[in-house]
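Asker: Pasting the sequence and the predicted coordinates here, then a few questions.
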Amino acid sequence: MDCIEIELYALPSGKEPFTEWESRLSRDAQAIVSARLARIRSGNFGDSKSISNGVYELRIQYGPGYRIYYGKRGKTIVILLCGGDKSTQKRDIKKAKEFWEDCLYSKTRRKK
């Protein structure tokens, strides 16, 4: 039984930055990301750290160093904001912070 519920942040246009990023990954990378999200659902966040203001970075040691940015709502809901890799980290963190700020004041998300 999952103890963490994962939701996806969506822009007002309906686009989901995390889903769009994930769809551009290779099948192998998608499988690794999927496995990592399964571990999160069972409460194991692994290599993760707080960035600031409620935004967290999940590091995946595969390929170019994939990153998943998320926020938490309470103790049982994780909202996936966007993804990237080490080479786009600064830009991705900036976007994640903007998305999280928007997420706090909107209801634009759905279950993954």
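Answerer: Cool, the structure landed. Residues are numbered from 1 along each chain as shown.
Asker: Quick check: bridge partners of the residue nearest in space to the middle of the chain?
Answerer: Nearest residue to the geometric centre of the chain (Cα atoms, centre = their mean): Leu80, 3.2 Å. For Leu80, the residues forming beta bridges with it (DSSP bridges) are Leu8, Tyr70.
Asker: so who does it touch?
Answerer: By Cβ atoms under 8 Å, 6 or more residues apart in numbering, the contact set of Leu80 is Ile6, Glu7, Leu8, Tyr9, Phe18, Ile68, Tyr69, Tyr70, Lys112. In short, each C-beta sits where N, CA and C put it, glycine included.
Asker: For Lys72, see how far away it is.
Answerer: To Lys72, Leu80 is 11 Å away according to Cβ to Cβ, to the nearest Å.
Asker: Then Pro64?
Answerer: Distance from Pro64 to Lys72, by Cβ to Cβ: 26 Å.
Asker: try Ala35
Answerer: Distance from Ala35 to Lys72, by Cβ to Cβ: 20 Å.
Asker: Those two - which one has more neighbours?
Answerer: Taking neighbours as other Cβ atoms under 10 Å, Ala35 and Lys72 compare with Lys72 leading, 16 against 10.
Asker: Thanks again, I'm all set now.
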